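> Below are the sequence and a predicted model; questions follow.
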Amino acid sequence: QVQLQESGPGLVKPSQTLSVTCAVSGGSITTDYHYWNWIRQPPGKGLEWMGAISYSGSTYYLPSLKSRTTIIRDTSKNQFTLLLDSVTPDDTAVYYCAGARVVNPTKEQGSWGQGTQVTVSS
């Protein structure tokens with residue numbers, strides 16, 4: 001069974017770059033037809049899909065966040081990382097990673113990490 005674990009800074013200052021990494025175990029991020037997603041949930045709001053990287057390294061981003069978002073992977077460590085530039089307090093959220101056979105999975109689809117809280121504040 002695939003397991004995912006997020007790790008992040010907890011607190012980021014405005015205008016800085018947020019970096020959150022997802023370590024994957026029990027499966028490879030290069031497994032055919034699998035997509036590795038980042039989803040966030042701001043306080044009091046619903047889930048927002050941010051982007052994904054595929055088994056082959058192709059990337060997909062939410063258009064409204066595309067200019068600030070980069071997803072990269074390290075196949076030697078079997079992990080992938082979300083980079084979000086120029087953060088503001090509106091980027092405060094619980095950040096989840098998820099692996100599935102689709103982009104933008106529901107919680108019933110694939111495997112999800114437990115989430116990591118990131119707060120943007122000076």
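Yes, it's here. Numbers count the residues shown, from 1 in each chain.
> so which helix or strand takes in the residue nearest the centre of the chain?
Centroid check for the chain by C-alpha atoms, centre = their mean gives W38 as the closest residue, at 2.6 Å. Secondary structure assigned from DSSP states H and E places W38 in strand 35-41.
> next helix or strand past that strand?
Taking DSSP H and E as the definition, the helix or strand right after strand 35-41 is strand 48-54.
> Could you measure from S122 over to F80?
Separation of S122 from F80 (C-beta to C-beta, to the nearest Å): 29 Å. Placement of C-beta: from N, CA and C, glycine included.
> Start and end of stretch 105-116, how far apart?
End-to-end span of stretch 105-116 (C-alpha to C-alpha, to the nearest Å): 18 Å.
> Phi first, then psi, for P89.
In terms of degrees, to the nearest 10, the main-chain angles of P89 are phi -60, psi -20.
> Isn't it up against V120?
Yes - if you go by C-beta atoms under 8 Å, P89 and V120 touch, sitting 5.0 Å apart.
> who's more crowded, these two?
V120 (19 against 11; other C-beta atoms under 10 Å).
> check contacts around that one.
Contacts for V120 (C-beta atoms under 8 Å, 6 or more residues apart in numbering) come out as 11-14, 18, 87-92.
> quick check: angle from the helix or strand harbouring S19 to strand 35-41?
S19 belongs to strand 18-25 when assigned by DSSP H and E. For strand 18-25 against strand 35-41, the angle by axes from the mean of the first three to the mean of the last three C-alpha atoms, to 10 degrees is 130 degrees.
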